[in-house]
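Asker: here's my sequence, what's the structure:
(one chain, ligands or ions: 1)
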Amino acid sequence: MPNKSVELSAPAKVNYRLDVLSKRPDGYHDLRMIMQRVDLCDTIRINLTGSTGITVTCNRNSVPDGPENIAWRAAKAVLDLSQKPVGVAIDIDKKIPVAAGLGGGSSDAATVLMGLNNLLELGLSTEQLMEIGVTLGADVPFFIFGDTSIAEGIGEKLTRIEKIPRPWIVLVNPNVHVSTAWVYKNLQLTIGKDVNTMPNFFDNIAELCAVLGNDLESVTISRFPVIRDIKNLLIQYGAAASLMSGSGPTVFGIFEDEAAAREAAKKIATEHNWFTAAVKTL
Ligand code: ATP
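Answerer: Next up is the predicted model:
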């Protein structure tokens with residue numbers, strides 16, 4: 001069994017929509033989100049080793065390497081379940097900005113769960129992996145599910161979107177780290193919020209842009225007003241719409257085609273010292 005290995009891509013996500021519906025007694029919030037994977041990926045290498053134990057290495061200093069790393073906890077959950085006498089060495093080549101609202105840690109964890117399920121030939125179903133995933137983080141089930149989805153509950157109830165355009169996305173991150181916990185702490189919940197059903201069928205980009213929204217945006221903007229400037233800049237450079245993703249601070253712009261997205265990303269990268277990328281939706 002040892003010496004088996006695999007190299008996998010762990011994509012980022014953006015939230016086309018993020019509604020905070022209510023605060024639950026357990027401290028989590030009930031959400032309704034539209035989640036889309038994008039082609040900005042960490043590379044995860046998983047090696048089975050002869051000795052027991054889990055190690056995580058990463059090319060970024062700001063990412064923890066022990067049990068604080070969510071990928072480590074994903075490996076632990078699978079090893080505890082499998083009871084197989086193996087060790088796991090995980091190396092993360094991080095390309096997704098950290099604490100950015102792009103779900104990087106959750107995607108790494110989902111990739112480790114799926115990768116180890118295959119390497120150890122455990123035969124766990126997608127549903128079983130998603131159940132383990134939600135114990136690690138609210139966005140993990142989405143990355144196991146894969147398809148563009150409406151996510152409800154804390155993020156674990158997923159419904160596939162029937163039809164949706166695949167625009168190009170420009171991501172802009174002003175290199176500040178946002179604590180998701182801080183954002184939720186400072187959110188003023190709207191009582192009696194309209195929770196009409198969310199469409200799960202979008203014929204074109206205009207229809208998609210019409211539903212964009214994020215309840216966390218104004219909270220993060222109050223701390224980092226640069227987010228509003230980036231939203232405006234993306235529109236000025238041709239985006240059909242722009243929005244903050246997750247708890248931020250990354251902002252994304254929606255573009256009809258690759259050339260326009262690349263051009264906008266190039267201009268922004270030339271003018272500002274921000275992380276900028278033009279990426280496909282997956
Ligand atoms: P969330 O909204 O779930 O916080 P995010 O996309 O905003 O997600 P992440 O990049 O997942 O943020 O990082 C959140 C925190 O988790 C960081 O402060 C980081 O130190 C820690 N962390 C633990 N494991 C990882 C990992 N594999 N990749 C990135 N960050 C990790």
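
Asker: nearest to the ligand: which residue in this structure?
Answerer: Per Cβ to the nearest ligand atom, G105 is where the chain lies closest to the ligand, at 2.7 Å. Quick note: C-beta positions are derived from backbone N, CA and C, even for glycine.

Asker: what's around that residue, how many residues?
Answerer: Counted with other Cβ atoms under 10 Å, residues neighbouring G105 total 26.

Asker: quick check: closest non-adjacent residue to it.
Answerer: I70 (4.5 Å; Cβ to Cβ, 6 or more residues apart in numbering).

Asker: same question, W168
Answerer: Per Cβ to Cβ, 6+ apart, closest to W168 is A261, 3.6 Å.

Asker: list the contacts for the one you found?
Answerer: Applying Cβ atoms under 8 Å, 6 or more residues apart in numbering, one finds that A261 lies in contact with 168-170, 253, 255, 278.

Asker: export those residues to a markdown table and tack on distance to H272, secondary structure and neighbour count?
Answerer: Formatted as a markdown table, these follow (distance: Cβ to Cβ, whole Å; DSSP: H, G, I helix; E, B strand; the rest coil; neighbours: other Cβ atoms under 10 Å):
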| residue | distance to H272 | secondary structure | neighbour count |
| --- | --- | --- | --- |
| W168 | 20 | strand | 23 |
| I169 | 18 | strand | 24 |
| V170 | 13 | strand | 30 |
| G253 | 14 | strand | 29 |
| F255 | 18 | strand | 25 |
| A278 | 15 | strand | 23 |
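
Asker: export those residues to a markdown table and tack on distance to the ligand and pLDDT?
Answerer: Shown next, in a markdown table, are the contacts of A261 (distance: Cβ to the nearest ligand atom, whole Å; pLDDT from 0 to 100):
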| residue | distance to the ligand | pLDDT |
| --- | --- | --- |
| W168 | 21 | 98 |
| I169 | 15 | 98 |
| V170 | 18 | 98 |
| G253 | 18 | 98 |
| F255 | 22 | 98 |
| A278 | 19 | 98 |
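
Asker: tell me if stretch 59-70 is near the ligand.
Answerer: Yes. Counting by Cβ under 6 Å from any ligand atom, the ligand is contacted by stretch 59-70 at 63-64, 68-70.

Asker: and V140, how far is that from G133?
Answerer: Applying Cβ to Cβ, to the nearest Å, the value for V140 to G133 is 3 Å.

Asker: quick check: neighbours shared by the two?
Answerer: 74, 109-110, 113.

Asker: which parts of the protein sit against the ligand?
Answerer: Residues of the chain lying near the ligand (Cβ under 6 Å from any ligand atom): 63-64, 68-71, 92, 98-106, 108, 137, 139, 180, 246-247.

Asker: buried ones among the residues you listed?
Answerer: Using 16 or more other Cβ atoms under 10 Å as the burial test, those include 63, 69-71, 92, 99-106, 108, 137, 139, 246-247 as buried.
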